[in-house]
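[1] make a model of this:
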Amino acid sequence: MKILGIESSCDETAAAIVEDGHQLLANVVHSQIDIHAQYGGVVPEIAARSHIEYINPVINQALTEANLGWNDIDAIAVTNSPGLSGSLLVGTLAARTLAIIHQKPLYGVHHILCLGGCAGHGWGAVRNHARSGAVPRAATAADPSDSAAQ
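    Take a look at the predicted model:
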């Protein structure tokens, strides 16, 4: 199973593709550190606008680096909490749109709870949903308590 993961919770736009929960096929990150350095910290509005500019190129680059097309992707995972609301909105809307267009299941991910446990717990939840044939609820940035993130 190949999963496209999308991350936009703060000031980095990222996309990665993982196969079977442990083999990293692509990992593309666009950092905004230079943009925010002049302000001494992350400016939420600027971060969200940068995500809008880079989300599609980052996702397309991940697919290219993995030498995959949309028919090869089995599911999409996206950070839906916690984070800057505008930044999360860009990532979740991109993920939801791609999931609808390409008819892929979508999984919301709480990226802090997932740290260190995604390979086991997060991947296991996605794998179990896929095996059971259950259709997961799409996650939204407006509902960080969504059960898909648990």
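[2] measure residue 65 to residue 82 for me?
    Residue 65 sits 28 Å away from residue 82, going by CB to CB, to the nearest Å. Quick note: C-beta positions are derived from backbone N, CA and C, even for glycine.
[3] no wait, residue 43
    From residue 43 across to residue 82, the span is 18 Å (CB to CB).
[4] next one: the residue lying closest to residue 44 once chain neighbours are set aside from residue 50, what distance?
    Distance criterion CB to CB, 6 or more residues apart in numbering; nearest residue to residue 44, sequence neighbours excluded, is residue 84 at 4.7 Å. For residue 84, the distance to residue 50 equals 11 Å [CB to CB].
[5] residue 40 too?
    Look at residue 40 and residue 50: by CB to CB, they are 17 Å apart.
[6] which one's more surrounded, these two?
    Shown here are residue 40 and residue 50; by other CB atoms under 10 Å, residue 50 has more neighbours (22 against 7).
[7] which elements pack onto the host helix or strand of residue 58?
    Assessed by DSSP states H and E, residue 58 sits inside helix 44-65. The contact analysis (3 or more CB pairs under 8 Å, 6 or more residues apart in numbering; DSSP states H and E) places helix 44-65 against strand 2-7, strand 12-19, strand 23-31, helix 33-37, helix 85-102.
[8] okay if I get these as a markdown table plus mean neighbour count and distance to residue 56?
    Listed next are those as a markdown table, based on neighbours: other CB atoms under 10 Å; distance: least, CB to CB, whole Å:
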| stretch | mean neighbour count | distance to residue 56 |
| --- | --- | --- |
| strand 2-7 | 23 | 11 |
| strand 12-19 | 22 | 10 |
| strand 23-31 | 15 | 11 |
| helix 33-37 | 11 | 18 |
| helix 85-102 | 19 | 7 |
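[9] nearest to residue 55, out of the ones you listed?
    Across the helices and strands packed on helix 44-65, residue 55 has its closest neighbour in helix 85-102 (4.8 Å, CB to CB).
[10] contacts for that closest one, please.
    With contact meaning CB atoms under 8 Å, 6 or more residues apart in numbering, helix 85-102 is reached by 4, 6-11, 13, 44-45, 47-48, 51-52, 55-56, 59, 70, 73, 76-81, 104-106, 108, 138-141.
[11] try 7 Å
    6-10, 44-45, 47-48, 51-52, 55, 70, 76, 78-81, 106, 138-141 (CB atoms under 7 Å, 6 or more residues apart in numbering).
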